[in-house]
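Visitor: Would you be able to build a 3D model of this:
(2 chains)
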Amino acid sequence: MAAPSNRAWHVVLLVAGGLLVLVARATVNEYILSIINFVGIYIILAVSLNITNGFTGLFSLGHPGFMAIGGYVTAVLTFPVTRKAMFLELPRWLAGLQLPLLPALLAGGLCAALTAFVVGIPVLRLKGHYLAVATMGFLIIVQVLITNWESVTRGPLGLNGLPALTTLWWVYPWVAVTVYAAWKIKFSSFGRSMLAIREDPLAAQCIGIHLFKTRVLSLAIGAFFAGVAGGLWAHLVTAITPASFSLVMAFNIVVMVVVGGTGSISGSFVAAVIFSVITEFFRPLEESFDIYGIGEILMAAVLILILIYRPTGIFGSREPRFLVAKES
Amino acid sequence: MSSGYIAQQIVNGLILGSMYALVAIGFSMIYGIIRLINFAHGEIVMIGAFTTLGLLQYLGLPFPLVALAVLIVGAVVGILIEKGAFRPMRGAPQVTGFIASLGVSIMLQNLGILFLTAQPRNFSFPDYLQRVIQVGPVSFRSIDAVIMSIALILMGALLFLVHRTKLGMAMRATAENIDVARLMGININRTIMATFAMGSALAGIAGLMWGGKFGQIDPLLGFVPGLKSFVAAVIGGVGSIPGAILGGYILGLAEVLFVGLLPPIYSAFRDAFVFSTLILILLILPNGILGKGMEERV
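Guide: Numbering: from 1, shown residues only, chains lettered A, B, ... in the order given. This next block holds a predicted model:
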């Protein structure tokens, strides 16, 4: 069997992406830069949700919950020690700890993944809509707990004044890592067992795929990247509040995955770019004309039209042909 | 904690539960017939509330007329949503419809913001509906009594309609098996439309109640009743009308009692409690309390 991917094109895309980041850093202003950062974070979110939702078909609305966990863990770890003493009541080992961004992000991602294990073991016995409801419940529980755990999270005020560590050179390498991981998973035997579970759980079980293990793992992998994205988000906005990780955000990410095509990495990527650019584009327009809500109305209309005329999304479950080597 | 206090809490819970139940019925009926979780359902509560505000407060129509108008407006909006968004994607995977309904929901919310502004508006019923009635240790406003009776009457009417009329039989048949129902000569489109109309009419009336109970309305108010009624429908067993009613009252009572009977520190955790209970119920009774087994293969 041939190599599953067309290496040359991947290298070309990676280099092009790197060049784009370089050009962006040199030319555009802070405001546009922050938008480009948000686009990157949304790409990470959409591609990672695609691992859970697209590959394995677990309809999860809990992604922002994992993001919140990752975000708060990262934020607490990078928070300057002096400010910690002022605002938070932490156990001693944590109060004197200040980590650089990378280990903090990894810790955040791992905490999110761990939570996914703990939550997934009972909840992943549910299917379809019921799983959607339960994960939505998980998201709301996370929000309530964060809001009320004031000694560590400062409650609804959130943590602000975080060091502004997130730059394009942090976001886009993580985008590359996420896409690479998703790609490797999709074209491995593990990924194929995920897709098999999505298509027909019974048949998948019959050929010896461990349903439960695969489901829990795919939730945890998605959660890891969501946690990392949460950390990047926190250090981009330099503040983190429980309200930022809402059901609306869950909806936005799910829309990206569905519009791009459930199971298609390129699809999630493209949809994340399109949707976050449109949203950011309409925001100043709305403010200047004093008509709020137009952007959302248009986005919802586009979504409904796509669902009617192209229910499998832009790419379906496939990747563009030039990125995938021919099967021989 | 006196028994009077507890009785009062129970009455409050029943009032809240009536609203949840009315919205949950629509959720459940629509799910039952086309396996669609319609997140836009909560938005009809919002539309019902604003219709009430316009007719009752700005035009000064008498209350029974307003209630009737709200029922009709709810039904019409429900039919429009079904025709515009859900009919074209019938037969698509379940998740597609679910996401489309989230889209419809966001669209309606933002249309509300666009045309009505996000500013909350005060909502007050005329004096004769605001009178306080005292029964033993329990006090409530006359509007609350009206709300509860309307809810009960409508639920009774609905159960009669579903179980004793030809249309109801068609609805039950379609819910059972849409293809066979079609082969038996049932007009599927009309039946589904009727289901949306009825469910949405009830949600519209719940909007009237919502405004009356909380005294303030804004275009985003549909989110909470939508979500809670969804939970209520799942607790009772999605697809079952008595289940939705039961789920609505259980949720209403549980919420009020949780806040009323436990020390105040815990009341901030109310939503976490509601959803933990939900997840627990789902794990123990995957089909809800009165739900029928789903056609699951694994």
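Visitor: Contact partners for B:Asp144?
Guide: Applying Cβ atoms under 8 Å, 6 or more residues apart in numbering or on different chains to B:Asp144 gives the contacts B:Val11, B:Ile15, B:Lys213. C-betas here are computed from N, CA, C, even on glycine.
Visitor: Return the subset of these lying in strands.
Guide: Among these, none falls in strands (DSSP state E).
Visitor: Now for the residues you listed, which sits with the most neighbours around it?
Guide: B:Ile15 (22 neighbours; other Cβ atoms under 10 Å in any protein chain shown).
Visitor: Which residue, other than its chain neighbours, is closest to that residue?
Guide: Take B:Ile15 and drop its neighbours on the chain: the residue closest to it by Cβ to Cβ, 6 or more residues apart in numbering or on different chains is B:Asp144, 5.1 Å away.
Visitor: Confirm that that neighbour sits in a helix.
Guide: Yes. Counting by DSSP: H, G, I helix; E, B strand; the rest coil, B:Asp144 falls inside a helix.
Visitor: Would you mind measuring from B:Phe160 to A:Ser264?
Guide: 49 Å (Cβ to Cβ, to the nearest Å).
Visitor: Comparing the two, which residue is more hemmed in?
Guide: A direct count of neighbours by other Cβ under 10 Å for B:Phe160 and A:Ser264 places A:Ser264 higher, at 26 against 11.
Visitor: Leaving out chain neighbours, which residue sits closest to that one?
Guide: A:Phe315 (3.8 Å).
Visitor: now swap in B:Ile10 and tell me
Guide: Nearest non-adjacent residue to B:Ile10, counting by Cβ to Cβ, 6+ apart: B:Leu253, 6.8 Å away.
Visitor: Would you mark the buried spots in the helix or strand that contains A:Val142?
Guide: Taking DSSP states H and E as the definition, one finds A:Val142 inside helix A:128-148. By neighbour count on 16 or more other Cβ atoms under 10 Å in any protein chain shown, the buried set for helix A:128-148 is A:128-148.
Visitor: Stretch B:253-263 now?
Guide: For stretch B:253-263, burial by neighbour count (16+ other Cβ under 10 Å) applies to B:Leu253, B:Ala254, B:Glu255, B:Val256, B:Phe258, B:Val259, B:Gly260.
Visitor: I'd assumed B:Val11 was in contact with the fourth one.
Guide: No. Proximity of B:Val256 to B:Val11 does not meet the contact threshold set by Cβ atoms under 8 Å, at 9.1 Å.
Visitor: In terms of secondary structure, what does the strand or helix carrying A:Ile41 contact?
Guide: Assigned by DSSP H and E, A:Ile41 belongs to helix A:30-49. On a contact count with 3 or more Cβ pairs under 8 Å, 6 or more residues apart in numbering or on different chains; DSSP states H and E, helix A:30-49 meets helix A:7-27, helix A:63-78, helix A:168-186, helix A:211-237, helix A:247-260, helix A:265-289.
Visitor: got those as CSV, with distance to chain B and mean neighbour count columns?
Guide: Formatted as CSV, the helices and strands packed on helix A:30-49 follow (distance: least, Cβ to the nearest Cβ, whole Å; neighbours: other Cβ atoms under 10 Å in any protein chain shown):
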stretch, distance to chain B, mean neighbour count
helix A:7-27, 29, 12
helix A:63-78, 11, 29
helix A:168-186, 19, 19
helix A:211-237, 7, 26
helix A:247-260, 5, 24
helix A:265-289, 10, 18
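Visitor: May I see these organised as TSV, with mean pLDDT added?
Guide: Shown next, in TSV, are those (pLDDT from 0 to 100):
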stretch	mean pLDDT
helix A:7-27	81
helix A:63-78	92
helix A:168-186	89
helix A:211-237	93
helix A:247-260	85
helix A:265-289	82
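Visitor: Figure out which of those is closest to B:Ser240.
Guide: helix A:247-260 (25.6 Å; Cβ to Cβ).
Visitor: May I have the closest one exported as CSV, CA atoms only?
Guide: Extracted C-alpha coordinates of helix A:247-260, given in CSV (Å, rounded to 0.1, in the frame of the first residue of the first chain):
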residue,chain,number,x,y,z
LEU,A,247,-22.9,27.0,24.7
VAL,A,248,-22.8,29.5,21.9
MET,A,249,-19.2,28.8,21.4
ALA,A,250,-19.9,25.1,21.4
PHE,A,251,-22.4,25.8,18.7
ASN,A,252,-20.0,27.8,16.6
ILE,A,253,-17.4,25.0,16.7
VAL,A,254,-20.0,22.3,15.8
VAL,A,255,-21.1,24.5,12.9
MET,A,256,-17.6,24.7,11.6
VAL,A,257,-17.2,20.9,11.8
VAL,A,258,-20.5,20.2,10.1
VAL,A,259,-20.2,22.8,7.4
GLY,A,260,-16.7,21.7,6.6
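Visitor: which helices and strands does that helix pack with?
Guide: Going by 3+ Cβ pairs under 8 Å, 6+ apart, helix A:247-260 lies up against helix A:30-49, helix A:63-78, helix A:128-148, helix A:265-289, helix A:294-309, helix B:94-116.
Visitor: Just send the ones you listed back as CSV, with distance to B:Tyr266 too.
Guide: Converted to CSV, the helices and strands packed on helix A:247-260 look like this (distance: least, Cβ to Cβ, whole Å):
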stretch, distance to B:Tyr266
helix A:30-49, 33
helix A:63-78, 21
helix A:128-148, 10
helix A:265-289, 38
helix A:294-309, 35
helix B:94-116, 31
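Visitor: between those helices, which gets nearest to A:Thr167?
Guide: Per Cβ to Cβ, nearest to A:Thr167 of the helices and strands packed on helix A:247-260: helix A:30-49, 7.6 Å.
Visitor: Could I get the buried residue list for the closest one?
Guide: Neighbour counts over helix A:30-49 (16+ other Cβ under 10 Å) mark A:34-49 as buried.
Visitor: Fine, thanks again, bye for now.
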